[in-house]
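>>> The sequence and its predicted three-dimensional model are supplied below.
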Amino acid sequence: MTSHAYTARIAWTGNRGTGTSAYKAYDRTWQVETPGKPVIACSNDPLLGGDPGLHNPEDMLLSALSACHMLWFLHLASAAGIVVTGYEDCPEGIGETAPDGSGRFVSATLRPVITLAPGMDAAKADAIHAEIHTYCFIARSVSFPVDHAAEYRFSDQ
């Protein structure tokens with residue numbers, strides 16, 4: 001096994017001047033800073049008083065899961081001789097909140113719309129999704145089921 005280290009800096013930006021002196025005295029905002037990359041402004045889930053115009057942890061987890069799946073799909077499709085010309089996903093994560101306020105994801109469904117070059121085998125492409133969970137760092141790290149419901153189109157090229 002080879003180990004990898006990932007780093008980031010999370011910096012709270014929600015101090016309105018009195019810190020956490022009262023529950024409503026501060027904003028649930030922060031920045032994700034990764035060396036050499038653009039800063040990402042974030043907030044809490046809007047259901048918990050966050051800014052709906054900013055990314056929240058749930059958005060980022062679902063996006064990371066979808067992106068990891070996409071990158072492995074593209075890699076495995078290329079290795080299998082399947083030419084992909086487009087890939088979009090609108091994933092959905094389902095969460096639950098307990099009476100004490102604690103929450104968790106209980107499932108996620110990836111819904112990629114994949115465009116294949118003319119003559120490609122959509123069934124062969126679809127079979128790749130089952131392989132991805134063997135490799136995807138993010139999918140292998142979450143404790144909830146991740147399903148996929150892919151749709152295939154063919155490019156005009």
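Everything's here; your move.

>>> for the helix or strand containing residue 127, which positions count as buried?
With secondary structure defined by DSSP states H and E, residue 127 is part of helix 122-135. By neighbour count, with 16 or more other Cβ atoms under 10 Å as the criterion, the buried positions of helix 122-135 are 125, 128-129, 132. For every residue, glycine as well, the C-beta is placed using N, CA and C.

>>> if you average pLDDT over that helix, what comes out?
Averaging the model's pLDDT scores along helix 122-135 yields 95.

>>> So what's the gap between that helix and the chain middle?
18 Å (Cα atoms, centre = their mean, to the nearest Å).

>>> Can you tell me what sits against that helix?
69, 72-73, 76-77, 80, 82, 84, 114, 116, 139-140, 146, 148, 150, 152 (Cβ atoms under 8 Å, 6 or more residues apart in numbering).

>>> go again using 6 Å as the cut-off
When contacts are taken as Cβ atoms under 6 Å, 6 or more residues apart in numbering, the neighbours of helix 122-135 outside the stretch itself are 69, 72-73, 76-77, 82, 139, 148, 150, 152.

>>> Go ahead and measure how far the longest helix seen in the chain is from the middle of the chain.
The helix that spans the most residues within the chain, counting by DSSP state H, is helix 57-79. Helix 57-79 has its C-alpha centroid displaced from the chain centroid by 7 Å (Cα atoms, centre = their mean).

>>> related to what we said a few turns ago, out of the buried residues of helix 122-135, who's nearest residue 105?
residue 132 (18.1 Å; Cβ to Cβ).

>>> what's the distance between that closest one and residue 84?
Separation of residue 132 from residue 84 (Cβ to Cβ, to the nearest Å) stands at 14 Å.
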